[in-house]
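I'd like to go over a predicted model; first the sequence, then the structure.
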Amino acid sequence: MFKPFQQFLEKELFENFALESRPIPSGLESVVSERGKNPATIQSWCYECPELRKIRYTYIDAGETAQIFNSVIYPSHNYDVPLLGIDFLAFGQKKILVVIDFQPLFRDRPYTDKYIEPLTEIRAKYSSLVQDLEMKFYDANQYFSKNLLFAKTDAETVVNQLFPAYQEYVQLYWQMLHQATPLSSPEEIQRIVKAQKEYDQYSAERDPASGLFGSYFGHEWSERFLYEFLFEDAVPLAVPAGTK
């Protein structure tokens, strides 16, 4: 269901940036599970370029049971641009959850005016993807903007609404990045390093997908995938003594 989204992202990335492959830890690039009703394949890709220090995306294909496309794009530390976060999950034709956002590193007014407000016009065109859903695992006031698209939807809306909205969000993101002025002071750059690390830590501790990965590919593999690839700047929580 989401393969066209992956293909569009890849085409855009290779046309706009001088990409180089970024290593994925051994055993995490691709794996097949026979656990579920349908065999599940998970495959990941990772790149970098001068403007983007980490571009990662993952596709899970379990046939009609599940189709999942997830991506986070991290700007290089000398840019204060938000992260681009994409999470599309389909469990059959009816149970579909979609999220796309410019995930802000900071919440002050000048920052949101500069990076979040430009989304307002695009978001207004796709009201079917703007739903006031409860965030069960995350605080909506952390790393999410007021202009995120977040919806429970159906296959028809994915094609007719989500795909054009996604294209507009992605292309605006490139535009924003190309127009951004690189930071030069060590203090400013360190602030971005810290903010991106905190994002990884927060996300790794709350990401509900780890349970899904575990159900298909086992707990040990899932933990490695979470901490060594998805959110590699996060530190696993210490296991209390006596619980091993």
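Great, that's in hand. Only a predicted model underlies this, so the values are computations on that prediction, with no experimental measurement involved.

contacting residues for the closest residue to Ala165 other than its chain neighbours?
Take Ala165 and drop its neighbours on the chain: the residue closest to it by Cβ to Cβ, 6 or more residues apart in numbering is Tyr126, 4.4 Å away. Glycine gets a C-beta too; all of them are placed from N, C-alpha and C. Neighbouring residues of Tyr126 by Cβ atoms under 8 Å, 6 or more residues apart in numbering: Leu149, Gln161, Leu162, Pro164, Ala165.

the closest residue to the fourth one other than its chain neighbours and Gln190, how far apart?
Spatially, and ignoring its direct neighbours in sequence, Pro164 is nearest to Tyr126 (7.8 Å; Cβ to Cβ, 6+ apart). Counting by Cβ to Cβ, to the nearest Å, the gap from Tyr126 to Gln190 is 37 Å.

ok, now Phe229?
As for Phe229, its distance to Gln190 is 24 Å (criterion: Cβ to Cβ).

just Lys95 next, same as before
From Lys95 over to Gln190 (counting by Cβ to Cβ), the distance is 43 Å.

list the contacts of the host helix or strand of Ser44.
Using DSSP states H and E, Ser44 sits within strand 40-48. Contacts to strand 40-48, defined as Cβ under 8 Å, 6+ apart, come from residues 10, 13, 19-24, 28-33, 54-62, 65-66, 213, 216-217, 229.

can you show me the CA trace of it as PDB?
Extracted in PDB, the C-alpha atoms of strand 40-48 (Å, rounded to 0.1, in the frame of the first residue of the first chain):
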ATOM      1  CA  ALA A  40       6.700 -10.600   7.100                       C
ATOM      2  CA  THR A  41       9.700  -8.900   5.500                       C
ATOM      3  CA  ILE A  42      11.300  -5.900   7.100                       C
ATOM      4  CA  GLN A  43      13.800  -3.900   5.100                       C
ATOM      5  CA  SER A  44      15.600  -0.700   5.900                       C
ATOM      6  CA  TRP A  45      17.700   1.900   4.000                       C
ATOM      7  CA  CYS A  46      20.000   4.600   5.300                       C
ATOM      8  CA  TYR A  47      21.800   7.500   3.700                       C
ATOM      9  CA  GLU A  48      23.600  10.700   4.500                       C
END
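
same question for that strand: list its buried residues.
Across strand 40-48, burial judged by 16 or more other Cβ atoms under 10 Å covers Ala40, Ile42, Ser44, Trp45, Cys46, Tyr47, Glu48.

phi and psi next, for Gln201.
Gln201 adopts backbone torsions of phi -60, psi -50, taken as degrees, to the nearest 10.

do Leu83 as well
Main-chain torsions, Leu83, degrees, to the nearest 10: phi -80, psi 150.

also the one 4 residues further on?
For Asp87, the backbone dihedrals are phi -150, psi 110 (criterion: degrees, to the nearest 10).

which ones are touching it?
By Cβ under 8 Å, 6+ apart, Asp87 lies in contact with Phe69, Asn70, Leu97, Val98, Val99, Ile100, Ala209.

flag the shaky bits of this protein, pLDDT-wise.
Applying pLDDT under 70 to the chain flags residues 36-37, 133-143, 208, 238-244.
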